[in-house]
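Visitor: I need the structure of the sequence given here:
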Amino acid sequence: MYACVFLCFWGNMSHSWALLGHLHLTHTPVHYSTSCLLLQSTLSCEECAAAAAAAFIARSRLRRSQPAGPLDDGNLLAEILLRLPPQPSSLPRASLVCHRWRHLVSDNGFLRRFRLHHRRNPPLLGCFSERRLELSFMPMLEAPNRIPAGRFSLQLDDIRLAPAAQGGGLVMPDKGFSVLGCRHGLVLISIPSWNQVLIWDPVTGDQHRIALPLGFDAKKTYITGAVLRSAAGDAHHFQVVVVCNDIQHTRVVACVYSSETDEWGNSISILIPFYVTGRPTVLVGDSLYWLLAVGGILEIDLKRQSLAVIQWPMDKGTFSLMRAEGGGLGLFFLSDLGAQLWKRKTDCGGVASWELGKTLELNELKTRSGLNSLTIVGFAEDNNVVFLSRGSTFFMVQLEPLELKELSEVDNWCFYYAFESVYTAGMGICGGHGGAEHLHNA
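Guide: As a prediction, this is how the structure comes out:
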């Protein structure tokens, strides 16, 4: 039977708290109501203190006797939060639940584990491109995951690069530069005047400058390259691959740098039918691939430190390298009839050949003025996306499932380097920046 009590907090207030403790201790259900019977405690001060202490002990024992909930286990909670989607707004949202969650998701150790856990499925944050004397970032995601165009700023020689007039661009020094590639959250930039390459992490701001190996002169010959994290998702070490054509464009020389040894390896070379282009590379397994200007693809096997040339499946056309469905090397071939997805396969005898996979009609693009006016300007290897442009119009084609999105007006003469990374900086917690922006309009 319910004991309905209305407590008047007059006189010695400890009388009333003691009565509450006594009722809790005796497991008497208490219901507060203004229409209840007015009950005045008559306990002495000593009795009040004893009853309050007994109530506190009873509540402590009751809490200890109750089984802990799943989210009370810090290790289990961390494992659950690790599996949040790798979108920029995921951790800022989780940090708003309570102080405990906020403390956990802002821990540097947890952030490293979060990035490592999602290293194979990073979101496409945007693209970097070089336009005249500026390095521009074009965001791809919608709010609340959209990264502001001016968020990724680069510093060279302790000179902060000023945003360009239209926003989102960073004016480069007049020393000249060339973006060579983006991968695993890193950007590789060539600075010919310094005969160096710069490895830049836009999220953390870290940068490493490396002098090119002996025999490579970026001021005299064209240099291209690629960057990648070391095996097993090691966030502290990376590799840089640079490729140089000779003056006659008949031979290519490559060299690999490892941050673990802080040294360049031995140079390797191979005869080629034509020069290596500056288009973005694709990483498949332990091999990197570059398109040649005519007739083929250059393969660099990083484990074996060897070079090979692979022929195209057809003599001419507009190609882009990509990862094939299910893994392996793939090609995106564009014609006025549509797009074809090709895959490199190896039979049981070890003989490799090209196999035609899917054919995409791209009807929406056809109706706008045909496909022959489209140019392939980049791709995102982890998200299976190809970037196309027609004049100043930029399209993003998601291949699986097929989805077309028109993004913005851009320069039609430059390549776009996809920046795919797990963005955990600027969460708006522990003094960080950016959390409010990510959660705006959420």
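Visitor: isn't residue 297 up against residue 310?
Guide: Yes. Residue 297 is within contact range of residue 310, at 4.4 Å (criterion: C-beta atoms under 8 Å). From N, CA and C alone the C-beta is placed, and that goes for glycine too.
Visitor: neighbour-wise, which of these two wins?
Guide: residue 297 (20 against 16; other C-beta atoms under 10 Å).
Visitor: please name the residues that touch the more buried one.
Guide: In this structure, residue 297 makes contact with 289, 290, 291, 309, 310, 311, 312, 321, 329, judged by C-beta atoms under 8 Å, 6 or more residues apart in numbering.
Visitor: out of those, which end up buried?
Guide: With burial judged by 16 or more other C-beta atoms under 10 Å, the buried subset of these is 289, 290, 291, 310, 312, 321, 329.
Visitor: shouldn't the third one be within a helix?
Guide: This points to residue 291. No. The assignment for residue 291 (DSSP: H, G, I helix; E, B strand; the rest coil) gives strand, which keeps it out of a helix.
Visitor: show me the contacts for it.
Guide: 276, 277, 279, 297, 298, 319, 320, 321.
Visitor: do that again at 6 Å, thanks
Guide: Taking C-beta atoms under 6 Å, 6 or more residues apart in numbering, we find residue 291 in contact with 277, 279, 321.
Visitor: quick one: low-confidence residue ranges for the stretch 201-350 of the chain.
Guide: Across the stretch 201-350 of the chain, residues meeting the criterion (pLDDT under 70) sit at 231-235.
Visitor: quick one: the helices in it?
Guide: Assigned by DSSP state H, counting those that start in this stretch, the helices in the stretch 201-350 of the chain number zero.
Visitor: any chance you could map the strands in it?
Guide: 207-211, 223-229, 238-245, 251-258, 263-264, 268-271, 282-284, 287-291, 296-301, 306-311, 318-323, 329-335, 338-346 (DSSP state E, counting those that start in this stretch).
Visitor: got those as JSON lines, with distance to residue 416 columns?
Guide: Written out in JSON lines, the entries for these read as follows (distance: least, C-beta to C-beta, whole Å):
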{"stretch": "strand 207-211", "distance to residue 416": "21"}
{"stretch": "strand 223-229", "distance to residue 416": "16"}
{"stretch": "strand 238-245", "distance to residue 416": "20"}
{"stretch": "strand 251-258", "distance to residue 416": "24"}
{"stretch": "strand 263-264", "distance to residue 416": "29"}
{"stretch": "strand 268-271", "distance to residue 416": "28"}
{"stretch": "strand 282-284", "distance to residue 416": "15"}
{"stretch": "strand 287-291", "distance to residue 416": "15"}
{"stretch": "strand 296-301", "distance to residue 416": "20"}
{"stretch": "strand 306-311", "distance to residue 416": "24"}
{"stretch": "strand 318-323", "distance to residue 416": "11"}
{"stretch": "strand 329-335", "distance to residue 416": "14"}
{"stretch": "strand 338-346", "distance to residue 416": "18"}
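Visitor: out of these, nearest to residue 83?
Guide: strand 223-229 (21.4 Å; C-beta to C-beta).
Visitor: and the helices in the stretch 1-150 of the chain?
Guide: 13-25, 45-65, 74-82, 90-95, 99-105, 108-117.
Visitor: what sits closest to residue 242 if chain neighbours are left out?
Guide: residue 225 (4.2 Å; C-beta to C-beta, 6 or more residues apart in numbering).
Visitor: what's around that neighbour, how many residues?
Guide: Neighbours of residue 225 (other C-beta under 10 Å): 26.
Visitor: who's in contact with it?
Guide: 180, 188, 241, 242.
Visitor: let's go with 8 Å and repeat that
Guide: By C-beta under 8 Å, 6+ apart, the neighbours of residue 225 are 180, 181, 188, 190, 197, 240, 241, 242, 243.
Visitor: neighbours of the first one, how many?
Guide: Other residues lying near residue 180 total 24 when counted by other C-beta under 10 Å.
Visitor: that one is in contact with residue 218, isn't it?
Guide: No. If you go by C-beta under 8 Å, residue 180 and residue 218 don't touch, sitting 10.4 Å apart.
Visitor: okay, and the common contacts of the two?
Guide: With C-beta under 8 Å, 6+ apart, residue 180 and residue 218 have common neighbours residue 190.
Visitor: ok, residue 404 to residue 148 distance?
Guide: To residue 148, residue 404 is 25 Å away according to C-beta to C-beta, to the nearest Å.
Visitor: find the residues that touch each one of residue 297 and residue 310.
Guide: What both residue 297 and residue 310 touch, as defined by C-beta under 8 Å, 6+ apart, is the set 289, 329.
Visitor: roughly how far does the residue nearest to residue 242 sit from residue 99?
Guide: In terms of C-beta to C-beta, residue 225 sits 46 Å off from residue 99.
Visitor: again, but for residue 121
Guide: 30 Å.
Visitor: then residue 335?
Guide: Residue 335 is 58 Å from residue 99, by C-beta to C-beta.
Visitor: the more surrounded of these two?
Guide: residue 335 (13 against 8).
Visitor: give the contact list for the closest residue to that one other than its chain neighbours.
Guide: Leaving aside its chain neighbours, residue 335 sits nearest to residue 317 (6.4 Å; criterion: C-beta to C-beta, 6+ apart). Neighbouring residues of residue 317 by C-beta under 8 Å, 6+ apart: 333, 334, 335.
Visitor: contacting residues around the first one?
Guide: Spelled out, it's residue 333. Residue 333 makes contacts with 313, 314, 317, 318, 319, 339, 340, 341, 342, as judged by C-beta under 8 Å, 6+ apart.
Visitor: quick check, nearest of these to residue 77?
Guide: Using C-beta to C-beta, these come closest to residue 77 at residue 341, 41.8 Å.
Visitor: just grab the bridge partners of that closest one for me.
Guide: residue 332 (DSSP bridges).
Visitor: what residues does it make contact with?
Guide: Going by C-beta under 8 Å, 6+ apart, residue 341 touches 322, 324-325, 330-333, 356-360, 399.
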